[in-house]
Structure formats: structure tokens, C-alpha cells
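K.L.:
Sequence first, predicted model second:
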Amino acid sequence: MAELFKLADECQLPELMEQCEEFVMGELRIENIMEVIKVAELFELEDLRRAALQFIARDTENMEKFLQVYDLKKLDKKLILELFEISHEII
């Protein structure tokens, strides 16, 4: 995933970057969510990052899966705080 974003960034192709971002937003899964967040942070794609966090927070099942797959102790504190804030916005 990151390779295509890198290519779009290096070749200065904002349209390709936007298309990639839209595609990835439609393919969000708990299994790929941390990779998506890392790519979003690397390429400063705030909409993608927020969509990933909202995906986790939007329902109990996603949140439970997330907590089963990822160790909170190893996650960035800023990420956990944002996830908490977004989950409260959704409620």
C-alpha cells in the first residue's frame, strides 16, 4: 500500500494520491488499520487518518477486534487519545 502512495508523492501526482486515499478508505479493516494509519501519518493524509480512527470507533465490534489485535501498551498515546475523542464524538 505504501509503495503506491510513495510513487504518487514522488511523482507529484495529487490526483493519484486522492484516488489511492479514496480506495483505501473503502478497504478499511481491523487487520490493515495500523498500516493505513502509518501511511496516513507518513504522507500527511489527515482525512485518511481520521477515517481510519472513525472506522475503529464507530461500533463496538470494531473496537473489540482492535483491542484484541493490537496491544494498547505498544500504541502511541496520541493515537489512543484521538481514538477516545472520536469515539465520544460518535456517541
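P.N.:
Yes, it's here.

K.L.:
Need the contact partners of the helix or strand hosting Glu82.
P.N.:
When secondary structure is defined by DSSP states H and E, Glu82 falls within helix 77-90. Helix 77-90 has contacts (Cβ atoms under 8 Å, 6 or more residues apart in numbering) with 37, 50, 53-54, 56-58, 63, 72. For glycine as for every other residue, the C-beta is placed from the backbone atoms N, C-alpha and C.

K.L.:
Among those, which one sits closest to Glu15?
P.N.:
Nearest to Glu15, judged by Cβ to Cβ, of the contacts of helix 77-90 is Arg50 at 20.8 Å.

K.L.:
which residue packs closest to that closest one, ignoring adjacent ones?
P.N.:
The shortest distance from Arg50 to any residue other than its chain neighbours is 7.5 Å, reached at Ile86 (Cβ to Cβ, 6 or more residues apart in numbering).

K.L.:
Now for Leu13: which residues touch it?
P.N.:
The contact partners of Leu13, taken as Cβ under 8 Å, 6+ apart, are Leu7.

K.L.:
Identify the residues contacting stretch 21-38?
P.N.:
For stretch 21-38, the external contacting residues (Cβ under 8 Å, 6+ apart) are 1-2, 39, 45, 47-49, 51-53, 55-56, 62, 65-66, 69-70, 79.

K.L.:
Repeat the analysis, applying 10 Å as the threshold.
P.N.:
With contact meaning Cβ atoms under 10 Å, 6 or more residues apart in numbering, stretch 21-38 is reached by 1-2, 4-5, 8, 39-40, 43, 45, 47-56, 61-70, 75-76, 79, 82-83.
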